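Novice: my questions are about this predicted structure, shown below with the sequence.
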Amino acid sequence: MVPRILFAVLITSLLLGCGGEKNGPIQISAIGSGPRLVNPSRGPLDPPSAYLIESAAQGLVRFDAGGEIEPALAQSWVISDDGLRYTFRIARGSKWQNGEPVTADQVVARLRAATAPSSRNPLKPLLGAIDEIVKMTDDVLEIDLKAPRPNFLQLLAQPELGMIRGQAGAGPYRQSDRGNGAVMLSLAPPDEEDSPPRQEPPLLLRGEGAALAVARFDLGESDLVIGGTVGDLPTARASDPPATALVFDPVDGLLGLAFTRGDGALATPEIRQALAMAIDRPALVQSLAIRGLQPRETLLPAGIEGLTPAAPTWAALALPDRRLLAQRSLKGQRIAMRVAMPDGPGYRLVFASLRRDWAAIGIDAQRVGPSEPADLRMIDEVAPATLASWYLRHFTCDRGPLCSAEADGMMDQARMAPNASVRRELLANADRLIAEAGLFVPLAAPIRWSLAAPRLNGFRPNAFGHHPAAELIAAGS
């Protein structure tokens, strides 16, 4: 780890002349490229663009500071008793950035585009439960589901379903480009002349690398760093921030390894299981030193949708016995494995742990870049909703070379299940089949960290890692 003094010496020169204002805009550094108001149906969003969309192009609903659902573009909604029909009323006075009113037609078109066959929206696999999206009036729309879906509103709150029309958003903030990868976000003035003026300060949102973002915060030149992962956690710790500044969101999702090929040694479940059972997960988690982080041996987290995750058959064995069983599965072979993983000191730490553990059973591991040919690849994703199907659908036959067609069938049936009990049973069976096939090597829950200055007294860690701009400073502060 880079000592704090050396860290500051290496980076300070990059920030000379960037004076901060404690009473000026809230300055936010999101780890990634410059923020852009892009169409999420064209591919995944990085943290800067996701935060811009949440602020300037909100969806029908949004997350509050605690991760709970609250009104956004929709001022109200009604859910039918059978859970199949969601009726939304667009908030009065909702406008695009150019001043034109937002209509139900436009919202319907945006949502339909996210579910279209050509869509590359990351939420598309979860939107198959939608049967129809229709306009009822100019300001009312309806979403009909094929079967009840728990926590459906959590999906609608994600930035991937934010309302974008061309280069304009329908969010509460209006953006203006400030150059050098920065965007100024200011709340739109109220429509009524007698309405009180907005009290929330504007935001200056930057997209930049982790080292620069952490250094800027360390020197008091920014108020918030977001988008941190296990990959750049050592960078944050190198600056030795105050204990209260480094905050971890209690998110869930996937942190582990998926197989990118199903031939050769990896064609047999026994070899895939050997890779999983040889890992000393408690030691790996301990090396990350994050309070509350637990090792995981299952694809699903405990308790999701009332399910008991399917544990592998070796889960009850002690580590020495697991490794002995793994060695027997290899039958004396010395196997080489390439692992595709992003760069970053934290990812290198994780890989070093995996390489050591696999070497103990006769597997030689090599780390390669995310786009290079590999046998396994790292998955580090936060779940957008508390839905078991999000985890399971990572391993359907249309998404990778290894799968269980029977598990796919169970998931398709679960999508149409008439009630939660039937859905739960079908998903549990799919989970069991995926575990038996050894399609994933779980490690732990994903890690998402932020650096927050004392000024942001409304900032709260939450289960989805969303930190709405208007709530960073508590009301009345």
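Specialist: Received, thanks. Numbers count the residues shown, from 1 in each chain.
Novice: do you know how far residue 27 is from residue 207?
Specialist: 13 Å (C-beta to C-beta, to the nearest Å). No exception for glycine: its C-beta is placed from N, CA and C like everyone else's.
Novice: how about stretch 164-177: buried residues?
Specialist: Buried residues in stretch 164-177, counted by 16 or more other C-beta atoms under 10 Å: 164, 165, 168, 169, 170, 171, 172, 173, 174, 175.
Novice: beta partners of the fourth one?
Specialist: Each beta-bridge partner of residue 169 is listed here: residue 164, as defined by DSSP bridges.
Novice: that one and residue 188 touch, don't they?
Specialist: No. Applying C-beta atoms under 8 Å, one finds residue 169 not in contact with residue 188, separated by 10.7 Å.
Novice: intersection of neighbour lists for those two?
Specialist: Where contact means C-beta atoms under 8 Å, 6 or more residues apart in numbering, no residue is in contact with each of residue 169 and residue 188.
Novice: tell me the mean pLDDT for stretch 347-357?
Specialist: Mean pLDDT, stretch 347-357: 98.
Novice: let me fix that: stretch 458-477
Specialist: Rounded mean pLDDT across stretch 458-477 is 91.
Novice: can you list contacts of it?
Specialist: Residues contacting stretch 458-477 (C-beta under 8 Å, 6+ apart): 26, 51, 54-55, 62-67, 154, 157, 172-173, 185, 187, 200-201, 203, 223-224, 226, 247-252, 382, 384, 448, 450, 452, 455-457.
Novice: 6 Å instead?
Specialist: Residues external to stretch 458-477 that are found in contact with it (C-beta atoms under 6 Å, 6 or more residues apart in numbering): 26, 55, 63, 65-67, 200, 203, 247, 249-251, 382, 448, 452, 456-457.
Novice: before we move on, what about stretch 417-425?
Specialist: 147, 306, 414.
Novice: tell me, how many residues neighbour the last one?
Specialist: Using other C-beta atoms under 10 Å, residue 414 is surrounded by 23 other residues.
Novice: and what of the second one?
Specialist: Residue crowding around residue 306 was assessed by other C-beta under 10 Å; the count is 13.
Novice: ok, now which ones touch it?
Specialist: Applying C-beta under 6 Å, 6+ apart to residue 306 gives the contacts residue 424.
Novice: distance check, it against residue 329.
Specialist: For residue 306 relative to residue 329 (C-beta to C-beta), the value is 34 Å.
Novice: okay, and residue 222 sits in which element?
Specialist: Counting by DSSP states H and E, no helix or strand carries residue 222.
Novice: do the same with the one 4 residues further on
Specialist: Element membership for residue 226 (DSSP H and E) is strand 224-228.
Novice: rewinding a little: can you put the buried residues of stretch 164-177 in CSV and add distance to residue 109 and pLDDT?
Specialist: Shown next, in CSV, are those (distance: C-beta to C-beta, whole Å; pLDDT from 0 to 100):
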residue, distance to residue 109, pLDDT
164, 11, 93
165, 9, 88
168, 14, 82
169, 15, 90
170, 13, 90
171, 17, 89
172, 21, 91
173, 22, 93
174, 22, 91
175, 22, 89
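Novice: name the residues that touch stretch 255-266?
Specialist: With C-beta under 6 Å, 6+ apart, stretch 255-266 has contacts from 271, 335, 374-377, 379-380, 401-402, 440-444, 446.
Novice: same thing with stretch 205-216?
Specialist: By C-beta under 6 Å, 6+ apart, the list of residues contacting stretch 205-216 reads 11, 15, 28-35, 48, 181-183, 185, 222, 225, 232, 235-236, 239.
Novice: check the offset of it from the chain's centre.
Specialist: When distances are taken as C-alpha atoms, centre = their mean, to the nearest Å, stretch 205-216 is centred 19 Å away from the chain's centroid.
Novice: is it correct that residue 72 is in contact with residue 57?
Specialist: No. Assessed by C-beta atoms under 6 Å, residue 72 is found out of contact with residue 57, at 10.2 Å.
Novice: of those two, which one has the most company?
Specialist: In terms of neighbours (other C-beta under 10 Å), residue 57 is the more surrounded of residue 72 and residue 57; the figures are 27 against 23.
Novice: contacts only, for the residue lying closest to that one once chain neighbours are set aside.
Specialist: Spatial nearest neighbour of residue 57, excluding adjacent residues (C-beta to C-beta, 6 or more residues apart in numbering): residue 169 at 2.9 Å. Neighbouring residues of residue 169 by C-beta under 6 Å, 6+ apart: 37, 56, 57, 97.
Novice: what are the bridge partners for residue 186, then?
Specialist: residue 174.
Novice: what pLDDT is listed against it?
Specialist: For residue 186, the predicted pLDDT is 92.
Novice: and it, how far from residue 202?
Specialist: Distance of residue 186 to residue 202, computed by C-beta to C-beta: 4 Å.
Novice: give me the below-cutoff pLDDT ranges for the stretch 101-250 of the chain.
Specialist: Scanning the stretch 101-250 of the chain with the threshold set as pLDDT under 70 gives 190-199.
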